[in-house]
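Participant: Below are the sequence and a predicted model; questions follow.
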Amino acid sequence: MAVQHSSLDCNPILFRRLKTAGVKVENILLGLQGKTRLFYVYSNESVSDVEQHRYVEGVKNLSCIAFDSSRHGIPFLKVALPVFINLSAEEMESLSERNHHPVCFTIHCVGIWQTIGGFFRQAYNAYRKRR
């Protein structure tokens, strides 16, 4: 993340660490370009994700997987995460060819019943966390 173009609201952890004495911030992309296949998953309606996406555009061997969501973080239901992180590089690459709807993507990964169960689990856990 380009610190000079960011803010405390957008990247609170980064700015908290910058205030800590002796913390050095480095651009890890510089060392990875051309060596490792990278996939950047982002929500194309999240202000911070769009900012980060602009920063990584043009990085060699990086493919971006976009979701039609404003949620910063995992852009699809968490129930699909184990399936997603175990996709092959070829499968991930094919995902970068278009935008994905979070619910449709989750259904495609785990099926309708696990998606419904995952939705209610996430909603219940969010409710419990707020109480």
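Facilitator: Ah, there it is.

Participant: The strand or helix carrying Gly117: which residues count as buried?
Facilitator: Under DSSP states H and E, the secondary-structure element containing Gly117 is helix 112-130. Within helix 112-130, the residues that qualify as buried by neighbour count (16 or more other C-beta atoms under 10 Å) are 114-115, 118. C-beta here means a position set from N, CA and C on the backbone, and glycine is covered the same way.

Participant: Among those residues, which one sits closest to His101?
Facilitator: For those, the closest approach to His101 (C-beta to C-beta) belongs to Thr115, at 11.9 Å.

Participant: Please tell me I have it right and that closest one contacts His108.
Facilitator: No - Thr115 lies out of contact with His108 (C-beta atoms under 8 Å); the separation is 9.2 Å.

Participant: For Ile65, give me the pLDDT.
Facilitator: Per-residue confidence for Ile65 comes out at a pLDDT of 94.

Participant: Can you verify it is assigned to a strand?
Facilitator: Yes - counting by DSSP: H, G, I helix; E, B strand; the rest coil, Ile65 is found in a strand.

Participant: the strands in this protein, which residues?
Facilitator: 38-43, 62-67 (DSSP state E).

Participant: among these, which is nearest Pro75?
Facilitator: Judging these by C-beta to C-beta, what sits closest to Pro75 is strand 62-67, at 3.7 Å.

Participant: so what does the closest one touch, helix or strand wise?
Facilitator: When contacts are defined as 3 or more C-beta pairs under 8 Å, 6 or more residues apart in numbering; DSSP states H and E, strand 62-67 packs onto strand 38-43, helix 47-56, helix 89-95.

Participant: between the ones you listed, which has the poorest average model confidence?
Facilitator: Among the helices and strands packed on strand 62-67, helix 47-56 carries the lowest mean pLDDT, a mean of 85.

Participant: rewinding a little: deepest of the helices and strands packed on strand 62-67, which one?
Facilitator: Using mean count of other C-beta atoms under 10 Å, the stretch among these with the largest mean neighbour count is strand 38-43, at a mean of 18.
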